[in-house]
Each structure stands twice: as C-alpha cells, then as structure tokens.
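Participant: pasting the structure only:
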C-alpha cells in the first residue's frame, strides 16, 4: 500500500469519526429541547431551534423514534420515548440522595413553611428532581419537577461554586455577557466564602440554597423557596440555619464531607 493511499484512508477515517461525534452532539441537542414547558416538539421546531434544515431534522427525529429515544404522537409531534424514560428512571433511582432526601425535605418544609426543592446537575445546569410543598400555608410556591434552573438561580450558583469540574463551570459562565458574567462570578465566589446562596431569579420569589455532598463531592442542592414578603435573602434569616443543618445532615447520611464547615475551621 502506497503512502498516499494510507493517507487517504486515514483522512476518510477522521472524517467518519468527526461525523459520528457531530451526530452524537446533535442528538444531545435535540433531547435537551425537552423540559416541562416543552413536553413535545415537531421536526419543524427542531429545525428552527437548532438551525437545521427540515429534512435533516426530520431524519434525526425519525431515527431517534426508531431507536426508542423518541415517540411520535397522534398529532405528529415527538415526545420522550420508552428507552429514554427507562434510562431516566434508572439514572434518578441510582442516586442515593433521591432515596434519602424525602424525609429531610418534609421536615424542612414543615419547619420553614416553604416549598423545598432538591436539584441534581444536568447537562448544563441544575434540574429539579424532587419537590416537597407545604400546603398548610396560604401561598404555596409550586416548582415543576424536571425544570431546568437558570444560571442566576441560587441552586446554580451553589453548583458552580462546588462542582468538581471547575473548567466546565467557567466555560458556562463565559457564555454570558460581560456584566452578567462578572456579577455571576462574584456571586459564586461569595458562595465559596459563606457556604450557601440566596437569590431571586424569578421576580417576587426567593430561593435559599445549600450544597449536599456524597463521597464523590457535590451531588445535589437543597433549597427552600417562598414569596419575598415571607422569605428573606439576608444572612440572618432564621430559615437559613435550618436549611444548612438539613444539608449537613443529608451530607453526613450520604457519607460525604460538608465542605462549608471548613470555612468555620479556617476562621478559628
């Protein structure tokens, strides 16, 4: 075999590898379109939102449906398929924090008279994985399971502060515009300093969040959510100590190390 032939074969292999990687990335982008506010998509919507031509979008959707990752409904739209649901259920059920958190969340909801939200890290941010509402109050803030939380949410800032892959976290923040990026970096640095975060990413709704760790590092955030006229964002709000104690107790139950406690030791 001549040198030119070997070079040609290698180039074809490289092009094939790049095409495979691009296809996997495209599938990820399509599946990421689904959220509580977007329970189904059409091939036309996929094309518009991802900048694809309609033929390519249709081909991807039909291929994903054939593989069981999507299902086509009677109206012609696509919804998450059986294989995706199976994998999602397995992934969630495999997280120990999901099994241990409910008892702590119910007690926290009663003690603070708020809605309690447990979030896990998704592809590019926290995803609401469990919610415990306190229905004894006049006003109840509802948070939908499966919601993707924005980067300016309290839960996101906690994850950004403690996530093991800080390079990826920096890349996420770099996608923001100049002022928003610098404000977020300052907030994240403050989380590292105080060990918790309060934020109002939705007007009129305050979230106070703290990290939960297992033996591998941060595995979740737990947050209380309530109207801004009943839940304060200040560091001396009485609810703060309750949520921190809950996050610490859940961390210890998971065999993790509650890293914010290191702040107290350095201060001594």
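Facilitator: Noted; the coordinates are in hand. Since we're looking at a predicted model, the values are computed, not measured.
Participant: okay, now the unreliable bits of the stretch 51-200 of the chain?
Facilitator: Scanning the stretch 51-200 of the chain for pLDDT under 70 picks out the ranges 93-94.
Participant: helices along that one, start to end?
Facilitator: 54-66, 82-93, 96-112, 154-162, 166-174, 178-194 (DSSP state H, counting those that start in this stretch).
Participant: export these to a markdown table and tack on mean neighbour count?
Facilitator: The way it works is simple: take the backbone N, C-alpha and C, and place the C-beta from them, glycine included. Formatted as a markdown table, the helices of the stretch 51-200 of the chain follow (neighbours: other CB atoms under 10 Å):
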| stretch | mean neighbour count |
| --- | --- |
| helix 54-66 | 16 |
| helix 82-93 | 12 |
| helix 96-112 | 18 |
| helix 154-162 | 27 |
| helix 166-174 | 13 |
| helix 178-194 | 14 |
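Participant: out of the ones you listed, which gets nearest to residue 36?
Facilitator: helix 82-93 (13.7 Å; CB to CB).
Participant: about what we covered before: out of the helices of the stretch 51-200 of the chain, flag the one nearest residue 47.
Facilitator: helix 54-66 (3.8 Å).
Participant: ok so, going back, with distance to residue 140 added, can I get the helices of the stretch 51-200 of the chain in CSV?
Facilitator: Supplementary listing: the helices of the stretch 51-200 of the chain in CSV, determined by distance: least, CB to CB, whole Å:
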stretch, distance to residue 140
helix 54-66, 37
helix 82-93, 24
helix 96-112, 10
helix 154-162, 19
helix 166-174, 31
helix 178-194, 27
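Participant: so which of these is nearest residue 233?
Facilitator: Here helix 154-162 is closest among those (CB to CB), at 9.1 Å.
Participant: output the contacting helices and strands for the closest one.
Facilitator: strand 115-121, strand 126-132, helix 166-174, helix 178-194, strand 197-202, strand 205-214, strand 217-227 (3 or more CB pairs under 8 Å, 6 or more residues apart in numbering; DSSP states H and E).
Participant: quick one: contacts of stretch 39-50?
Facilitator: 26, 29-30, 33-34, 52-54, 56-58, 60-61, 73, 76-79 (CB atoms under 8 Å, 6 or more residues apart in numbering).
Participant: okay, buried residues for that stretch please.
Facilitator: 40, 41, 42, 43, 45, 46, 47 (16 or more other CB atoms under 10 Å).
Participant: and the third one, how far from residue 152?
Facilitator: Applying CB to CB, to the nearest Å, the value for residue 42 to residue 152 is 30 Å.
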